[in-house]
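S.K.: model the structure of this input:
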Amino acid sequence: MTRCPACGGENLDGARFCSHCGRPLAQVRQPADEAERRLVTVLFADITGSTPLGEELDPEDLKDVLGAYAEAMREEIEAEGGTVEKFIGDAVMAAFGVPLAHEDDAARAVRAALRMRARLERLNDELELRHGVRLAMRTGINTGEVVATTSARPDAGRIAGDAVNAAARLEPNAAPGQILVSERTARSARGFRFRDVGSLAVKGKAQPIPTVELVDDEPAAHPGPQHRGVPGLRAPMVGRDHELELLRSLYGRLASSGRP
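M.R.: Numbers count the residues shown, from 1 in each chain. All right, here's what the predicted structure looks like:
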């Protein structure tokens with residue numbers, strides 16, 4: 001027999017709840033979160049001048065403004081396959097590469113930053129009509145290794161590591177409307193134009209962070225085709241002549257018939 005620690009009642013062995021008071025007889029062990037090392041790209045974005053904004057607006061209006069901003073930024077981040085880690089006041093942190101990893105996570109993060117900037121311009125037109133305010137945003141992006149909790153709850157933080165700290169430090173160094181990108185991210189993200197800004201000495205980092213500014217102002221909603229591989233290098237198929245000929249034959253037949 002098992003005695004209930006709450007009421008002292010006796011219960012059959014193996015019972016999970018007390019038959020007298022209903023209290024659990026033993027805490028059910030939750031499965032531990034699964035953690036692994038991941039290469040991710042982290043994006044931090046923050047509204048500038050939010051303190052004066054809070055003084056200017058009624059609390060309900062401020063809540064409406066920040067809520068519209070958060071929802072718009074979430075949509076643009078998720079449209080590029082990113083995960084919103086958390087909102088901290090008027091700041092948003094997003095990760096690209098967890099829980100799902102893509103070979104172009106760095107490019108996805110940079111495209112998301114462009115989408116967010118363009119979306120904010122459209123959102124500002126609405127906010128100006130409704131509340132008479134316009135928002136300005138600064139953004140920092142960095143790529144690096146982290147420990148990622150792949151099975152974390154949606155409302156819990158998934159990643160931890162110096163890559164997160166570096167992205168968080170880049171963001172305050174950006175001017176309103178500016179997107180600062182670490183050199184490592186820029187090397188992994190093709191199809192964008194960057195301007196070198198040198199190495200930034202940031203608070204809490206012993207070594208300066210080599211940084212560039214994203215200057216590509218082209219709309220990011222419909223990016224052009226992304227080419228795989230290393231530019232200038234070509235790796236032909238070897239020993240697959242028969243298979244390639246079969247594929248070409250099948251493709252030709254399907255293309256001519258128009259039926260898959």
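S.K.: quick one: low-confidence parts of this structure?
M.R.: 1, 26-33, 150-157, 217-232 (pLDDT under 70).
S.K.: mind doing that once more with 50?
M.R.: 27-30, 155, 218-224 (pLDDT under 50).
S.K.: please enumerate the helices of it.
M.R.: Counting by DSSP state H, the chain has helices at residues 50-56, 59-79, 105-131, 162-173, 183-188, 241-257.
S.K.: can you list the domains in the protein?
M.R.: The record's domain parsing of the chain by automatic domain parsing lists 1-30, 35-214.
S.K.: ranking those by burial, who's on top?
M.R.: domain 35-214 (a mean of 18; mean count of other CB atoms under 10 Å). Placement of C-beta: from N, CA and C, glycine included.
S.K.: end to end, how far does that domain reach?
M.R.: For domain 35-214, the first and last residues are 32 Å from each other (CA to CA, to the nearest Å).
S.K.: so how far is that domain off the chain centroid?
M.R.: Distance, stretch centre to chain centre, for domain 35-214: 8 Å (CA atoms, centre = their mean, to the nearest Å).
S.K.: who's in contact with G198?
M.R.: G198 is in contact with 210-211, counting by CB atoms under 8 Å, 6 or more residues apart in numbering.
S.K.: report the separation between it and T139.
M.R.: Here the criterion is CB to CB, to the nearest Å. By it, G198 lies 18 Å from T139.
S.K.: what does L53 give?
M.R.: Relative to T139, and taking CB to CB, L53 is found at 18 Å.
S.K.: same thing with V40?
M.R.: The gap separating V40 from T139 is 16 Å, by CB to CB.
S.K.: same deal with E213?
M.R.: The gap separating E213 from T139 is 10 Å, by CB to CB.
S.K.: anything in contact with each of the two?
M.R.: With CB under 8 Å, 6+ apart as the test, E213 and T139 both reach 178-180.
S.K.: show me what E213 bridges to in the sheet.
M.R.: Under the criterion DSSP bridges, E213 forms beta bridges with L180, R195.
S.K.: quick one, what contacts it?
M.R.: E213 sits in contact with 178-181, 194-195, 197, where contact means CB under 8 Å, 6+ apart.
S.K.: let's have these in TSV, adding distance to D125.
M.R.: TSV is the format used below for the contacts of E213 (distance: CB to CB, whole Å):
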residue	distance to D125
Q178	21
I179	21
L180	26
V181	27
F194	28
R195	28
V197	30
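S.K.: so which of those comes closest to T149?
M.R.: Closest approach to T149 among the contacts of E213 (CB to CB): V181, at 25.5 Å.
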